[in-house]
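S.K.: Need coordinates for the following:
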Amino acid sequence: MANYSKIAIIGAGVSGLAAVKQLRHHNPVVFEASDSIGGIWKSCSYNSTKLQSHRSDYEFTDFPWPNRDDPGFPSYTEILDYLESYAKHFDVFKCVRFNSKVVEVRFTGSLETTDSGGNLLPAGHPVWEVAVQTHNSNSIQRYGFEFLVVCTGKYGDVPIIPAFPNNKGPEVFEGQVLHSIDYCKLDKEAASQLLKDKKVAVVGFKKSAIDLAKECAESNQGPEGQPCTMIVRTTHWTVPHYRIWGLPFFMFYSTRFSQFLHGSPNQSLLRTLLCLLLSPLRRGVSKFIESYLLWKLPLLKYGLKPDHPFEEDYASCQMAIMPEGFFSEAEKGKIVFKRASKWWFWKGGLEFEDNTKLEADVVILCTGYDGKKKLKAFLPEPFQSLLEHPSGLLPLYRGTIHPLIPNMAFVGYIESVSNLHTAELRSIWLSRLIDDKFKLPSAEKMLEQTSKEMEVMKQSTRFYKRHCISTFSINHSDEICEEMGWNAWRKRNWLLEAFSPYGSKDYEDEK
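M.R.: Numbering: from 1, shown residues only. Down below sits the predicted model:
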């Protein structure tokens with residue numbers, strides 16, 4: 001091995017930056033496969049991509065936005081500027097090795113030296129060997145580390161491509177097929193040329209598909225412009241802004257009082273009974289929000305009303321902000337919708353299970369990413385198999401540690417309403433763990449905790465495999481704080497504690 005250091009961090013996206021800042025006193029080495037920081041904000045953003053929350057809800061505890069009171073949603077370029085400023089301010093660039101792709105890791109330690117499988121192995125010697133390939137080089141450099149922090153995220157890199165019957169896949173289509181990750185790589189001019197005056201089909205109805213369809217409509221204005229067809233299998237609730245019937249959205253899900261209506265891990269029997277008794281109120285909140293969205297947006301007109309309650313989309317981190325002007329383009333006929341559960345290709349476009357056909361020049365698949373496959377690409381056995389779980393979820397204690405994989409952490413794999421906030425809090429927790437400020441429980445107790453969290457997710461939404469903690473995020477943060485020896489209640493008084501939203505600023509580091 002060429003070098004030996006204490007800590008390696010894989011990835012310099014939002015989670016990687018949060019981790020390196022909290023662990024910088026260990027002089028970690030950060031391997032970033034691309035030539036810049038930012039992760040998916042750099043590699044998977046469209047020209048129209050914006051943050052889904054306000055600036056103040058997406059900032060590091062010790063680095064506020066310069067214009068944090070601006071009510072507009074920042075563009076992806078503003079976010080990249082913010083992340084760049086953060087990295088410069090805390091001098092983390094010195095730790096980052098760009099154009100350095102991790103192609104393999106090997107475990108060189110002994111599992112017999114730890115009493116619980118997931119607890120840290122003794123410090124002082126490397127237990128992970130990391131193979132790194134630099135840009136435009138066939139040579140592999142190997143390094144040794146005591147601890148690995150994996151921050152490659154769930155999105156980007158490995159697209160999910162639907163399976164098709166024989167002779168009905170993209171190979172029979174005479175037009176152009178690409179995944180949204182390919183579209184992200186186009187500059188503004190190339191993207192416009194791809195879409196302009198073309199019959200475009202966009203597969204999907206989540207945030208990336210909605211944004212792409214609007215960009216397509218904007219590129220096809222005028223009499224020569226062709227409509228963009230969205231192929232929709234599952235509809236999801238979207239919101240035009242963060243006010244519902246004049247009330248701020250945080251009232252419904254982001255306060256202790258509102259989250260008290262939802263189940264959480266480790267709750268008492270009394271709390272479980274109260275949740276059961278209050279379930280009509282919880283459903284009523286969801287119906288209240290749905291009534292506003294059905295009034296504000298023409299979902300019924302276009303057959304886009306979801307079959308599931310709003311709270312299930314919120315509980316799975318799938319609620320999206322509808323871009324301004326989206327339905328105006330639908331009114332003009334520039335965006336049309338086709339509901340279909342099954343479809344395949346023919347030479348001229350797409351064919352559906354009702355035997356109808358759609359002519360297309362370009363088909364763009366907004367079908368998501370396979371984050372687990374991305375991990376398996378470099379993680380060795382037997383640890384690779386440990387990523388599989390009967391629930392389909394990645395069992396991570398405190399959203400960070402796999403109980404059966406020693407000296408490795410995963411930051412950025414469990415979602416919340418603000419992934420930046422949760423990445424930072426977990427990185428603070430991880431830093432204190434590595435600094436021996438507290439001890440992990442046994443592997444059995446950690447697995448028990450992850451099972452409880454998974455059960456709450458299953459009860460909250462049919463989309464639980466997205467692994468989102470949004471309905472019990474405050475409880476999740478409470479438990480992390482208590483384990484670090486912090487006070488779980490972060491507000492100045494009980495009134496704010498009960499009815500004001502929790503955000504990054506509430507979790508400033510307690511030295």
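
S.K.: Contact partners for Ile231?
M.R.: Going by CB atoms under 8 Å, 6 or more residues apart in numbering, Ile231 touches 201-204, 338, 340, 343, 350, 358. Bear in mind the C-beta positions are built from the backbone N, C-alpha and C, glycine included.

S.K.: and the nearest residue to it once chain neighbours are set aside, backbone torsions?
M.R.: Residue nearest to Ile231 in three dimensions, not counting chain neighbours: Val203, with 4.6 Å by CB to CB, 6 or more residues apart in numbering. Val203 adopts backbone torsions of phi -90, psi 120, taken as degrees, to the nearest 10.

S.K.: what's the pLDDT at Val203?
M.R.: pLDDT recorded at Val203 is 97.

S.K.: On the three-state scheme, the nearest residue to Arg55 once chain neighbours are set aside is what?
M.R.: Counting by CB to CB, 6+ apart, Arg55 lies nearest to Trp65, which is 4.4 Å off, once chain neighbours are set aside. Recorded secondary structure, Trp65: coil (DSSP: H, G, I helix; E, B strand; the rest coil).

S.K.: residues touching Trp65, list them.
M.R.: 55-56, 59, 74, 82 are the contacts of Trp65 under CB under 8 Å, 6+ apart.

S.K.: do that again at 7 Å, thanks
M.R.: 55, 59, 82 (CB atoms under 7 Å, 6 or more residues apart in numbering).

S.K.: In helices, which of the residues you listed fall?
M.R.: Tyr82 (DSSP state H).

S.K.: Looking at the contacts of Ile231, state which has the most neighbours.
M.R.: Among these, Val202 has the most neighbours (other CB atoms under 10 Å), with 29 neighbours.

S.K.: before we move on, back to that, and the residue nearest to Arg55, what are its phi and psi?
M.R.: When quoted as degrees, to the nearest 10, the phi and psi of Trp65 stand at phi -60, psi 140.

S.K.: So, low pLDDT: which residues of the protein?
M.R.: Along the chain, segments meeting pLDDT under 70 span 1-4, 112-119, 510-511.

S.K.: Could you report the distance from the residue nearest the centre of it to Ser15?
M.R.: Nearest to the geometric centre of the chain sits Glu415, at 5.2 Å (CA atoms, centre = their mean). In this view, Glu415 and Ser15 are 11 Å apart by CB to CB, to the nearest Å.

S.K.: Also Pro71?
M.R.: Applying CB to CB to Pro71 and Ser15 gives a distance of 27 Å.

S.K.: Those two: which has the busier surroundings?
M.R.: Shown here are Pro71 and Ser15; by other CB under 10 Å, Ser15 has more neighbours (27 against 9).

S.K.: my guess is the more buried one meets Gly412, correct?
M.R.: Yes. Counting by CB atoms under 7 Å, Ser15 touches Gly412, with 3.2 Å between them.

S.K.: so what sits against both of these two?
M.R.: Counting by CB under 7 Å, 6+ apart, the residues touching both Ser15 and Gly412 are 151, 153, 423.

S.K.: neighbours of the first one, just the number please.
M.R.: Using other CB under 10 Å, the number of residues around Cys151 comes to 28.

S.K.: got the contact list for Asp313?
M.R.: 236-237, 319.

S.K.: of these, closest to Leu365?
M.R.: Leu365 lies nearest to His236 out of these, by CB to CB, at 17.0 Å.

S.K.: From what I see, that closest one and Pro306 are in contact.
M.R.: Yes. Under the criterion of CB under 7 Å, His236 makes contact with Pro306 at 5.9 Å.

S.K.: Who has more neighbours out of those two?
M.R.: Using other CB under 10 Å, the more surrounded residue of His236 and Pro306 is His236, with 21 against 18.

S.K.: SS state for that one?
M.R.: Classified using three-state DSSP, His236 is coil.

S.K.: What of Ser431?
M.R.: Recorded secondary structure, Ser431: helix (three-state DSSP).

S.K.: so Gln133 sits in a strand?
M.R.: Yes. Assessed by three-state DSSP, Gln133 belongs to a strand.

S.K.: Test of understanding: give the bridge partners of it.
M.R.: Lys101, Ile140 (DSSP bridges).

S.K.: how about it, what does it touch?
M.R.: So Gln133 contacts 101, 103, 140 (CB under 7 Å, 6+ apart).

S.K.: From Tyr143, how far out is it?
M.R.: 12 Å.

S.K.: contacting residues for Asp62?
M.R.: With CB under 7 Å, 6+ apart, Asp62 has these contacts: Glu508.

S.K.: let's go with 8 Å and repeat that
M.R.: Here Asp62 is in contact with 508-509 (CB under 8 Å, 6+ apart).

S.K.: Domain parsing of this structure, as residue ranges.
M.R.: 3-156+370-468, 159-240+329-368 (automatic domain parsing).

S.K.: Throw those into TSV and include distance to Tyr302, thanks.
M.R.: TSV is the format used below for these (distance: least, CB to CB, whole Å):
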stretch	distance to Tyr302
domain 3-156+370-468	20
domain 159-240+329-368	5
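
S.K.: Any idea which of these gets closest to Ile474?
M.R.: domain 3-156+370-468 (10.3 Å).

S.K.: and Arg97, how many residues sit next to it?
M.R.: 15.

S.K.: so what's it bridging to?
M.R.: Phe31.

S.K.: OK, contacts around it?
M.R.: Neighbours of Arg97 in contact, by CB under 8 Å, 6+ apart: 29-32, 132.

S.K.: backbone phi and psi for Ile10, please?
M.R.: Torsion angles, degrees, to the nearest 10, at Ile10: phi -100, psi 110.

S.K.: does the residue located most distally from the centre of the chain sit in a helix, a strand or a coil?
M.R.: Farthest-out residue of the chain from its mean C-alpha position, per CA atoms, centre = their mean: Pro223, at 38.9 Å. Under the three-state scheme (three-state DSSP), Pro223 adopts coil.
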